[in-house]
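# Fold the following and give me the result.
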Amino acid sequence: MEETREFTAALSEVVAKGVTRNARLNPRSASGEVIPTTLNASALRDPDGTVIGAIGILRDMRELDKAREAAEIA
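Modelled structure (predicted):
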C-alpha cells in the first residue's frame with residue numbers, strides 16, 4: 001500500500017537524518033473512506049542529542065479541506 005510506504009519512509013528519514021518531515025497522506029478507514037491527513041514527524045533525541053526514535057502528529061484534514069473548498073466557491 002502506497003500510504004504505508006510513504007509513512008514508513010517519512011519516519012525512517014526522520015530517524016536516519018534527525019530531521020523534521022511533513023507529508024500529506026491519504027489512508028483509508030476500515031470502511032474504505034479516504035481520509036486526507038498531514039503527518040508532521042520529528043526526531044526524538046536522548047539528553048546527549050542522539051536520535052533514538054521519532055514522534056509524529058497525524059492530523060485529519062477533512063474539515064479544513066471542506067472549509068477551503070467553501071471559501072474558494074464563495
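
# For residue 38, give me its contacts.
For residue 38, the contacting residues are 22-25, 58-59, 61, by Cβ atoms under 8 Å, 6 or more residues apart in numbering. (Each C-beta comes from the backbone N, C-alpha and C, glycine too.)

# secondary structure class for the residue nearest to it when sequence neighbours are not counted?
When the adjacent residues along the chain are set aside, residue 38 lies closest to residue 59, with 4.9 Å between them (Cβ to Cβ, 6 or more residues apart in numbering). With DSSP: H, G, I helix; E, B strand; the rest coil as the basis, the three-state label of residue 59 is strand.

# Residue 59 and residue 37 touch, don't they?
Yes: look at residue 59 against residue 37 with Cβ atoms under 8 Å: they come within range, at 6.0 Å.

# how many other residues sit next to residue 41?
22 (other Cβ atoms under 10 Å).

# wait, what's in contact with it?
Residues counted as contacts of residue 41 (Cβ under 8 Å, 6+ apart) are 10-11, 14, 20-23, 54-57.

# How about it: what's its closest non-neighbour residue?
When the adjacent residues along the chain are set aside, residue 41 lies closest to residue 56, with 3.8 Å between them (Cβ to Cβ, 6+ apart).

# Which one of the contacts of residue 41 sits in the busiest neighbourhood?
By neighbour count, taken as other Cβ under 10 Å, the most surrounded of the contacts of residue 41 turns out to be residue 14 (23 neighbours).
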